[in-house]
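Enquirer: My questions concern the predicted model and sequence given below.
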Amino acid sequence: MLFGAHMSIAGGMDQAVDRARMVGCDALQVFTKNNNQWRAAPFRAGEVETFRRRLAETGIGPVVAHDGYLINLAARARSLWKKSLAAFIVELERCATLGIPYLVTHPGAHGGDGEAEGIRRAAEALEASLAAVRGPTVLLEATAGQGTSLGWRFEHLAAIRGAVAAPLRRRIGVCLDTCHLFAAGYDFRTPAAYRALRREMDATLGPGLVRAIHVNDSKKGLGSRVDRHDHIGRGQIGLAGFRQFVRDRAWRGVPMLLETPKEPDFRRTDRRNLAVLRRLAGAA
């Protein structure tokens with residue numbers, strides 16, 4: 001199993017690689033820009049080359065990028081939709097430049113227009129952006145379902161992907177998130193519940209679409225529709241739920257990435273969470 005974490009890019013993209021190495025990551029997730037701004041600052045001189053070199057030197061990978069939080073590909077207002085589309089294209093371009101194969105995005109929020117219209121708008125944006133930029137694969141993230149957010153049912157992810165033209169559809173996969181699944185109402189804390197989840201996932205999405213998994217415990221309860229991450233084993237999911245995921249051989253080679261709260265000393269908490277996951281997987 002490949003375990004990793006989301007790391008800060010403060011100081012340069014290569015610093016995220018060094019932070020990942022410090023805590024013992026196999027894989028890595030990053031933002032490629034400030035995630036709370038529309039603007040994307042140009043990469044510094046040598047930043048891309050250093051990032052690629054550090055990845056090669058450390059052997060960390062695969063690397064997954066997450067897009068900015070302002071982007072809403074299902075936005076109700078046309079102006080915001082266009083702005084989100086332009087920003088998403090920039091995110092894909094930055095991934096291509098850095099050699100990052102996957103870009104995770106939330107499907108967006110329909111703003112009250114209904115799920116069908118939100119799904120249509122998200123698919124339109126994905127088709128346009130994938131046509132504009134070659135290379136990276138987009139991973140639609142399963143969400144907790146807060147507000148009018150899409151993606152809290154597997155059917156949403158399947159419908160968005162299915163509405164994209166076939167040649168481009170091949171560049172759309174799925175990113176699971178244990179906290180989001182649980183908050184959305186999917187239980188997996190027992191072997192029987194996990195098997196049921198896998199059957200529903202395979203029947204709705206089809207096999208082979210999951211390319212990354214965010215491993216986070218949940219501060220809120222099953223079906224709460226509230227997205228609040230917690231450390232592994234310290235939330236409402238508990239260790240038993242994570243044991244099901246990390247011992248499933250279907251996920252071999254799929255990066256399992258922490259997005260747990262970052263304490264002042266991220267090294268201590270990330271190492272602890274990674275150690276728990278590896279112990280549950282029988283690797284430590």
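Expert: Done, it's in.
Enquirer: CA atoms for contacts and neighbours, from now on please.
Expert: Fine.
Enquirer: For the residue sitting furthest away from the middle of the chain, which residues are in contact?
Expert: No residue in the chain sits farther from the centre than residue 45, which is 28.3 Å out by CA atoms, centre = their mean. Under the criterion of CA atoms under 8 Å, 6 or more residues apart in numbering, residue 45 has no contact partners.
Enquirer: Give me the phi and psi angles of it.
Expert: Listed backbone geometry of residue 45 is phi -60, psi 120, with angles given as degrees, to the nearest 10.
Enquirer: Tell me the predicted confidence for it.
Expert: With respect to pLDDT, residue 45 scores 97.
Enquirer: could you show me where the helices are in the stretch 151-284 of the chain, in order?
Expert: Counting by DSSP state H, counting those that start in this stretch, the stretch 151-284 of the chain forms helices over residues 154-162, 166-169, 178-184, 191-205, 238-246, 266-281, given from the N-terminal end onward.
Enquirer: and residue 95, which of the three is it?
Expert: Reducing the assignment at residue 95 to three states with DSSP: H, G, I helix; E, B strand; the rest coil gives helix.
Enquirer: Residue 135: which of the helices of the stretch 151-284 of the chain is closest?
Expert: helix 166-169 (10.7 Å; CA to CA).
Enquirer: May I have stretch 118-126 as PDB, with CA atoms only?
Expert: As requested, the backbone C-alpha atoms of stretch 118-126 are provided in PDB (Å, rounded to 0.1, in the frame of the first residue of the first chain):
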ATOM      1  CA  GLY A 118     -25.300  21.200 -11.700                       C
ATOM      2  CA  ILE A 119     -24.100  17.900 -13.200                       C
ATOM      3  CA  ARG A 120     -24.600  19.300 -16.700                       C
ATOM      4  CA  ARG A 121     -22.600  22.400 -15.900                       C
ATOM      5  CA  ALA A 122     -19.800  20.400 -14.200                       C
ATOM      6  CA  ALA A 123     -19.500  18.000 -17.200                       C
ATOM      7  CA  GLU A 124     -19.500  21.000 -19.600                       C
ATOM      8  CA  ALA A 125     -16.600  22.500 -17.700                       C
ATOM      9  CA  LEU A 126     -14.600  19.300 -17.500                       C
END
